[in-house]
Each structure stands twice: as C-alpha cells, then as structure tokens.
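K.L.:
Sharing a sequence plus its predicted fold:
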Amino acid sequence: MSTIQTNTITTVSQNLCFEGTQGVYSHVSEQTGCTMRFGVFLPPQAKVGPVPVLYWLSGLTCTEENFITKAGAQRVAAELGVAIVTPDTSPRGLDIPGMADSYDFGLGAGFYVNATQAPWAQNFRMDAYVSQELPAVMAAHFPIDAQRTGIFGHSMGGHGALVLALRNPQRYRSVSAFAPIVSPLHCPWGEKALAGYLGPDRDTWKDYDACALIESRGWTGPALLVDQGANDTFLQTQLKPELLQQACSRAGVGLDLRMRAGYDHSYFFIASFVESHLRFHAQQLAL
Ligand SMILES: N[C@@H](CCC(=O)N[C@@H](CS)C(=O)NCC(=O)O)C(=O)O
C-alpha cells in the first residue's frame, strides 16, 4: 500500500469564530492531481486535545466556501467541540475539455466517485480524495480524533455522505444528509454524472448508489438522519426520498426522514436544521 503524502498544506485564511478557528487551507492532492482547497473549523476544545470530526460534502456548483459562509454551523460546533472539514466538490484548474460546460458535471460536480472513464479517470477521484487522502492530511496537521468521524452533506453531497459511509462503515460512525440524491441510478443528475464518470454499464453505478448499497451492504450504525424540504424544486425529479424509505425498509435499516413543510433546497433550509444534525453527530461520536 502506498503512503499518502501529507507533507505540505498552505494556510489560505484563518478567522477567529466563536472562540474557535475557521480556516481555509490548500494542498496539492495526489488523487486529483491539482491544488485542492478545504475548510476546517476547529472548535476551542481543540486547543486542549483531539476533537471528533465531521466531514461536510457540498452540492452542485459549490466550493469549500458555501457551507462555511452560509450554514451558520460554527456556533453549535464550538459549543459541542466538534471539528468540521469542508472539501471542495471537484478538481479545479485543470485543462480537461468539457470540464466547465455544465453546472451538473465536471467542475463543481465531482459526485464523490472515482471516475473510470477518459478523460476524467486521472483526476476525478473525489471518493479517494475525501475518504482517504483528506483524512490522512487532517490526521497529520490537525488535532482531531479520527476514531470519532462522521459525515454529512447536501444534495450531491448528501449522496456523497450516504455513499461514502455505506462503503466505509469502519471509517464513519454516523451519517446524515440534507435533501440528498438518494439514487443516482434513478434521476437525471445521477444518470448524467455516472454515465460520464463510470461509463454506460449501469451495474457499475450500484457501487455509488445509496439505495443499492443499503440493500447490498446494509448499515449497522445509528439510523440515517435525513432532512428534506417539502417545497424543494428538485424533490420529485432528482431527490425522491421515497426510494430511500423503500430501500431502508426492505433492508431493515433505520431511517429518520424529516419532511420539512415549506422549505426549499437552499442554504436557508440547511441553516435552519444544521443544529439538529450537529447534535445528532456529536451524540453518536461521544459514544
Ligand atoms: N439552481 C442551481 C442548481 C444548483 C444548486 O441548487 N446547487 C445547490 C446544491 S445542489 C447549492 O448548494 N448551491 C450553492 C448555494 O446555494 O450556495 C443552478 O442551476 O446552478
């Protein structure tokens, strides 16, 4: 097994926030072959010892910045003593033809998979980046307790959180999502992305489909927590939480699905419920 290089990270910015530090850092990633930025909120408790860590995966068109500036998670993370890592959503700065042609594929739309198809396979390795390389970088540079890791995300990032947790139950002790894409096999965003990154054989897509993974692998961690706005414009076409309900019920996996009347797909919805997700993870990671 090759060693993950974690040597150099560069500080882009650091701001004091609720007595903790909201930082943005960059490093050259082996997995994506480019410079990647990521955010780290370190709560004040990190000054005295390692703290549990949550990875937040953002949705389409986002960078490491959206969650940091819009979700308002730092106050409660500081109270609970949990670090939050916010990766970018795709490689950037590469000269791949077609990479910036649409908002739902390529730039800002890595879908947290390891691509197998040219010209994406070399750089679009967001699964390995988020689930292996970034945790190694975090362990090398920040006072976090990797034994207490959870993951959550929004939309494409909700899909990423569910899929990475289901694929790596030993690494993630808790998982939650806001308005997740629950089955890329069954929605236009997913079909476009997985066809592009993984090719036309839909059987290979099942490794990155939360509903398929729930049925093939199950989940023995705490019940999956999902918040979904009932006024989300993507609800019926892309998100389809009923597919997750059906998969969980068939597989005997616990699901706490909270339909939120009146809420849409935006970060206003996330900001409204992020506190309960943070408390859910903190409780699970304290066990
Ligand atoms: N309406 C958007 C779709 C993309 C979108 O809604 N992105 C969500 C995640 S799937 C988001 O978080 N956008 C960034 C933001 O609201 O800060 C577009 O057409 O560009």
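P.N.:
Everything's here; your move.
K.L.:
could you check the distance from the closest residue to the ligand within the stretch 1-150 of the chain over to Ile144?
P.N.:
Per C-beta to the nearest ligand atom, Gly59 is where the stretch 1-150 of the chain lies closest to the ligand, at 2.5 Å. Where you see a C-beta, it was placed from the backbone N, CA and C, and this is true even at glycine. Using C-beta to C-beta, to the nearest Å, Gly59 is found at 24 Å from Ile144.
K.L.:
more neighbours, these two?
P.N.:
Gly59 (27 against 22; other C-beta atoms under 10 Å).
K.L.:
so which strand or helix has Thr61?
P.N.:
Using DSSP states H and E, Thr61 sits in no helix or strand.
K.L.:
which non-adjacent residue is nearest it?
P.N.:
Gly108 (4.7 Å; C-beta to C-beta, 6 or more residues apart in numbering).
K.L.:
and the one you found, how many neighbours?
P.N.:
As a burial measure, Gly108 scores 21 neighbours (other C-beta under 10 Å).
K.L.:
Go ahead and flag the most central residue of the protein.
P.N.:
Of all residues in the chain, the one closest to the mean position by C-alpha atoms, centre = their mean is Leu57, 2.4 Å from it.
K.L.:
List the residues that contact it.
P.N.:
Shown in contact with Leu57 (C-beta atoms under 8 Å, 6 or more residues apart in numbering): 87, 89, 112, 130, 151-154, 156-158, 160-161, 164.
K.L.:
Around the ligand, which positions in the protein sit nearby?
P.N.:
Residues of the chain lying near the ligand by C-beta under 6 Å from any ligand atom: 59-62, 66, 70, 103, 154-156, 265-267.
K.L.:
Adding distance to Arg279, pLDDT and secondary structure, write those out as JSON lines.
P.N.:
Output for the residues of the chain next to the ligand, formatted as JSON lines (distance: C-beta to C-beta, whole Å; pLDDT from 0 to 100; DSSP: H, G, I helix; E, B strand; the rest coil):
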{"residue": "Gly59", "distance to Arg279": "22", "pLDDT": "98", "secondary structure": "coil"}
{"residue": "Leu60", "distance to Arg279": "27", "pLDDT": "98", "secondary structure": "coil"}
{"residue": "Thr61", "distance to Arg279": "28", "pLDDT": "98", "secondary structure": "coil"}
{"residue": "Cys62", "distance to Arg279": "24", "pLDDT": "98", "secondary structure": "coil"}
{"residue": "Asn66", "distance to Arg279": "22", "pLDDT": "98", "secondary structure": "helix"}
{"residue": "Lys70", "distance to Arg279": "19", "pLDDT": "98", "secondary structure": "helix"}
{"residue": "Tyr103", "distance to Arg279": "33", "pLDDT": "98", "secondary structure": "coil"}
{"residue": "His154", "distance to Arg279": "18", "pLDDT": "99", "secondary structure": "strand"}
{"residue": "Ser155", "distance to Arg279": "22", "pLDDT": "98", "secondary structure": "coil"}
{"residue": "Met156", "distance to Arg279": "24", "pLDDT": "98", "secondary structure": "helix"}
{"residue": "His265", "distance to Arg279": "23", "pLDDT": "98", "secondary structure": "coil"}
{"residue": "Ser266", "distance to Arg279": "22", "pLDDT": "98", "secondary structure": "coil"}
{"residue": "Tyr267", "distance to Arg279": "19", "pLDDT": "98", "secondary structure": "helix"}
